[in-house]
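> Predicted coordinates and the sequence they were generated for:
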Amino acid sequence: MGVQLYVGGHSAKVQGEYQDLAGDRMFTAAHRPERVQHAGPLRGLLDSGAFTDPPEGRLTPEQALERQLAWEQIASGKWSAPFQAHGLVSYDLLIDETWIASERHKRRWSVQQAESAVRTTVEAAAYLASQRDRLAPRQLILSAQGVDALQYAECAAGVLQHARPCDWFALGGWCILGRFTRMLPIFWQTLHLVLPMVKVAGLTHVHIFGVLYLPALGGLLHLADRYGLSVSTDSTAPVLACTWKNQKKAGAKRPYWRDNVAWWQETLANLRQSPHYRRPPELAPARQECFL
C-alpha cells in the first residue's frame, strides 16, 4: 500500500445513485449521516467537525467528542447496522482559513495569530487522549496545526506528549496545498522536522487531512518510508468532482463517480511507482509571518 485513501462525502446521492460506498471512508460529526445502505463492510474515520464549525459555533473538546459518539448512534440507526468509528479525530483549531462576516475564506493565519490555535489544538489532543480507555478500541487521531515549520514542530511536540504508539499523528492545515503550491517549501520543512519526532515517539502512522495533490503526497510518502511510517489521506473530491458541470476543472479523472473513486484509490496505492515519489528537498526553516 502506498497512500491509503479514506473517501469523504455525505450526500445521499451522487449522479442519481445512492452513495453506498463501503471500505475506507471519512465522515464528519458536523453533518448528520444520510440514510444509505452501504454495499459492504465499512471502515470509517470520524472527524471532529472542527473544519466546519464557525468561530461562534466552536465546541469544547468534551462537547466535540460527545457529538462524535452521538453521530455513531445516529448512523447505526439510519444504516440499520451497528457503526463504531475505526478512528476519532481530535478537535483541533485550523489555521489555514479565516472567517469574515460568517463566511470562510482560504487565508492562512499569521504566526502570532496562530499561537492560540496551537494551544487549543494541543489541549484537544490531550483531552481525547485522556478518554482513550473508554473509547477503545477506536483509533485516536491526534491532529497538529501550525503556520510555519517551527510553529508546527512546537505543536507536534505538545501533541506527542499525550500520544501512545497505537495512536495516529495527523497533519492538519495542508488542504490548500494543491491550490497554493508556493507553500510546498514550508510543507517540506515541516515534514523534515515533524516526521522524526513522530518516529521517536513510537507512532507508526501519519494521516494528512484533505490532500490529493500528488507531488505533496509523493514527497510525504518518500520521507515517511525513511522513518518506517505508513500514510493515509482523505478527500471528498473523488466523489464530488464528478458532480461539477466542468469536471475537468474540478479535477475528476473519470466522468462516473465510482470509476473516479477507483482511479484515485489505485493511483494512491501505487504512488511509489510514480514520478511523484521522491525525496523532498531539505530547506532550513525560517519564521514566517503570513503566506496567503
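Sure thing, it's come through.
> pLDDT on stretch 111-128, on average?
Averaged over stretch 111-128, pLDDT sits at 90.
> oh, I was asking about stretch 158-176
The model assigns stretch 158-176 a mean pLDDT of 96.
> One more: stretch 73-86?
Per-residue pLDDT over stretch 73-86 has a mean of 95.
> which residue ranges form the helices in this protein?
61-78, 111-130, 132-135, 149-160, 184-200, 214-226, 237-240, 247-250, 257-269 (DSSP state H).
> of these, which approaches Asp53 most closely?
Asp53 lies closest to helix 61-78 among the helices of the chain, at 8.5 Å (Cβ to Cβ). Quick note: C-beta positions are derived from backbone N, CA and C, even for glycine.
> so how far is the closest one from its chain's centroid?
19 Å (Cα atoms, centre = their mean, to the nearest Å).
> JSON lines please, covering the helices of the chain and showing mean neighbour count and distance to Ala39.
JSON lines is the format used below for these (neighbours: other Cβ atoms under 10 Å; distance: least, Cβ to Cβ, whole Å):
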{"stretch": "helix 61-78", "mean neighbour count": "17", "distance to Ala39": "15"}
{"stretch": "helix 111-130", "mean neighbour count": "20", "distance to Ala39": "31"}
{"stretch": "helix 132-135", "mean neighbour count": "12", "distance to Ala39": "27"}
{"stretch": "helix 149-160", "mean neighbour count": "22", "distance to Ala39": "36"}
{"stretch": "helix 184-200", "mean neighbour count": "20", "distance to Ala39": "34"}
{"stretch": "helix 214-226", "mean neighbour count": "20", "distance to Ala39": "27"}
{"stretch": "helix 237-240", "mean neighbour count": "23", "distance to Ala39": "14"}
{"stretch": "helix 247-250", "mean neighbour count": "12", "distance to Ala39": "24"}
{"stretch": "helix 257-269", "mean neighbour count": "18", "distance to Ala39": "10"}
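> Ile141: which of the ones you listed is closest?
helix 111-130 (8.4 Å).
> Can you list the low-confidence ranges for the stretch 151-292 of the chain?
286-292 (pLDDT under 70).
> do you know how far the residue nearest the centre of the chain is from Ala284?
Centroid check for the chain by Cα atoms, centre = their mean gives Phe209 as the closest residue, at 1.9 Å. Per Cβ to Cβ, to the nearest Å, Phe209 is found 26 Å from Ala284.
> And Glu123, by the same measure?
30 Å.
> next one: Gly40
Going from Gly40 to Ala284 by Cβ to Cβ gives 48 Å.
> quick revisit: make CSV out of the helices of the chain and add distance to Gly9.
Shown next, in CSV, are the helices of the chain (distance: least, Cβ to Cβ, whole Å):
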stretch, distance to Gly9
helix 61-78, 14
helix 111-130, 24
helix 132-135, 25
helix 149-160, 27
helix 184-200, 25
helix 214-226, 19
helix 237-240, 4
helix 247-250, 13
helix 257-269, 9
